[in-house]
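J.: My questions are about this predicted structure, shown below with the sequence.
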Amino acid sequence: MQILIFHINCLISFQGVFCLLLRPVDDSGDILPVLSSSVLVSGSLAVTQLVRDRLNLLSGEWWENPAWGCDVFEMMRAGRVTAQDVSALSSYLCSYIAATRGVRSVEDVHAALSGRQLTFSCRVVTADGAGTVEVMSR
């Protein structure tokens, strides 16, 4: 008998220490089927996956409400964000990432605007290690 685990995020807390368990995703961010709890993602990989998910939600990529997100990305699509705004946007994204549970610090930040596309990457440091997050606006 196979049991499918349907919950996406599981936050286990024991004596003030939390463990984040996530279902794994493929390269495009689609959730993969889970047949056992042994394949759930944890540690720094889970935190970086959560950061990536939160950034996608910020840009309005949420199937229930695509209008939920940051107006700056709509401004980029309209071509109203200039290269000078990239520094402020980068700072905003860093503070947004730092507010994610499990993130200790955000380092090695790189942001670039090419036409209407923003490329952002950073190193996310967690209690269990570090991971790289790279996103591109669409």
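T.: Perfect, I can see it now.

J.: Now residue 25: closest residue in space, sequence neighbours ignored.
T.: residue 31 (5.6 Å; CB to CB, 6 or more residues apart in numbering). (Each C-beta comes from the backbone N, C-alpha and C, glycine too.)

J.: Please apply the same query to residue 132.
T.: residue 123 (5.6 Å).

J.: So for the longest helix along the chain, mean pLDDT?
T.: For the chain, the helix with the greatest residue count under DSSP state H is helix 43-58. Averaging pLDDT along helix 43-58 yields 85.

J.: Does it pack against any helices or strands, and if so which?
T.: Secondary-structure packing of helix 43-58 (3 or more CB pairs under 8 Å, 6 or more residues apart in numbering; DSSP states H and E): strand 17-22, helix 85-98, strand 117-126, strand 129-136.

J.: for those, which one ends up most surrounded?
T.: Greatest average neighbour count among the helices and strands packed on helix 43-58 goes to strand 117-126 (a mean of 18), per mean count of other CB atoms under 10 Å.

J.: which helices and strands sit right next to it?
T.: helix 43-58, helix 71-77, helix 85-98, strand 103-114, strand 129-136.
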